[in-house]
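Trainee: how would this look folded up:
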Amino acid sequence: MIWIAVIGLLWLSCLGFYTVSEKQIIKTRTSRYALLSVFPVLVKLTSGTILCMVMLLLSTQFSESISFVSLWVLLSPVLFVFIVKMNHLGKKL
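Mentor: Residues are numbered from 1 along each chain as shown. Okay, the predicted model is just below:
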């Protein structure tokens with residue numbers, strides 16, 4: 001159960017960082033996430049806090065040093081899937 005929470009929180013923090021990034025914030029203002037573009041610093045702070053919560057959840061399963069490493073091991077595939085999903089990669093003509 002804790003692993004579902006970890007993956008979900010990682011996905012949420014990736015979404016937060018993505019929606020207020022420099023390249024994406026213009027598109028965010030016209031999307032359904034327009035509220036996030038009003039307070040980009042708060043969204044970045046919240047996403048960073050979520051990453052800290054994930055580290056805390058992982059430290060309950062592992063020790064603190066291993067939880068840091070496991071955060072980045074788990075974040076890599078989640079981030080890859082997130083990038084592939086958001087960028088609509090297709091065949092170039």
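
Trainee: Could you report the pLDDT at the residue nearest the centre of the chain?
Mentor: With distances taken as C-alpha atoms, centre = their mean, C14 lies nearest the centre of the chain, 1.5 Å away. C14 is assigned a predicted lDDT (pLDDT) of 88.

Trainee: tell me the SS of the closest residue to it other than its chain neighbours?
Mentor: Excluding the flanking residues, the one nearest C14 by C-beta to C-beta, 6 or more residues apart in numbering is F82, at 4.7 Å. C-beta here means a position set from N, CA and C on the backbone, and glycine is covered the same way. Per DSSP: H, G, I helix; E, B strand; the rest coil, the local secondary structure of F82 is helix.

Trainee: From the rest of the structure, what touches the helix or strand containing the residue nearest to the centre of the chain?
Mentor: Take DSSP states H and E as the rule and C14 turns out to sit in helix 2-19. Around helix 2-19, the neighbours that count as contacts under C-beta atoms under 8 Å, 6 or more residues apart in numbering are 24-25, 28, 33, 36-37, 43-44, 46-48, 50-51, 53-54, 57-58, 60-61, 74-75, 78-79, 82, 86.
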